[in-house]
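Asks: Build me a model:
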Amino acid sequence: MTRRSIRENIFLIVFKAEFNNQEEMEEQIRYSISKIEEPEEDPEDLAYIADKSRKVLSMLPALDEKISEISDGWQIGRLGKPELAILRLALYEMLYDEEVPFRVAINEAVELAKKYCNPDASGFINAVLAKVEEP
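Replies: Alright, predicted model coming up:
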């Protein structure tokens, strides 16, 4: 699987957090992993998707606090669900995942927004993430 495909699958799992409680998310992770159908599917990639999804989900309160801090008055409840999931994943990668370069996390978030959100969302996501200082 490509890194972009892996990230997209993680985003799809993180997106489900808005519709499921914490206890249900483990089942949602397993279900989502079982439904990935890619020709180059690798068990290590699937394990990485599950592990990183769990890590992002475990950090939701801290990520949401940071989103509220940098989003210029946009409260979490006002954000679209796909935009929120993209911001959560990108912030996790920017702040806590040393494997992902800072600018790559922003670029990939913008690309996810172009695919899953309305046309204006990619600019909003880019602007919000640009306010985050590199650690």
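Asks: Would you map the strands across this protein?
Replies: Using DSSP state E, the chain contains no strands.
Asks: ok, residue 111 - how many residues close by?
Replies: Around residue 111 there are 16 other residues, counting by other Cβ atoms under 10 Å. All C-beta atoms are positioned from the backbone trio N, CA, C, and that covers glycine.
Asks: try residue 24
Replies: 13.
Asks: Roughly how far does it sit from residue 54?
Replies: Using Cβ to Cβ, to the nearest Å, one gets 13 Å for the distance from residue 24 to residue 54.
Asks: Next: residue 111.
Replies: 23 Å.
Asks: got the residue ranges for the helices in the protein?
Replies: For the chain, applying DSSP state H gives helices covering 3-15, 22-34, 43-58, 60-70, 81-96, 102-116, 121-130.
Asks: most tightly surrounded among these?
Replies: Comparing these by mean neighbour count (mean count of other Cβ atoms under 10 Å), helix 81-96 ranks first with a mean of 23.
Asks: got the contact list for it?
Replies: For helix 81-96, contacts defined as Cβ atoms under 8 Å, 6 or more residues apart in numbering pick out 7, 10-11, 14-15, 17-18, 55-56, 59-60, 63-64, 66-67, 71, 76, 79, 100, 102, 104-106, 108-109, 112-113, 116-117, 121, 124-125, 128-129, 132, 134-135.
Asks: Compute the inter-axis angle for it and helix 3-15.
Replies: Compare the direction of helix 81-96 with that of helix 3-15 by axes from the mean of the first three to the mean of the last three Cα atoms, to 10 degrees and you get 120 degrees.
Asks: Relative to residue 21, how far out is the residue most central in space within the chain?
Replies: Against the mean C-alpha coordinate of the chain, by Cα atoms, centre = their mean, the closest residue is residue 89 at 2.4 Å. To residue 21, residue 89 is 20 Å away according to Cβ to Cβ.
Asks: Let me have the helices of the chain in CSV, extended by mean pLDDT.
Replies: Output for the helices of the chain, formatted as CSV (pLDDT from 0 to 100):
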stretch, mean pLDDT
helix 3-15, 96
helix 22-34, 94
helix 43-58, 96
helix 60-70, 94
helix 81-96, 97
helix 102-116, 97
helix 121-130, 95
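Asks: Thanks a lot, catch you later.
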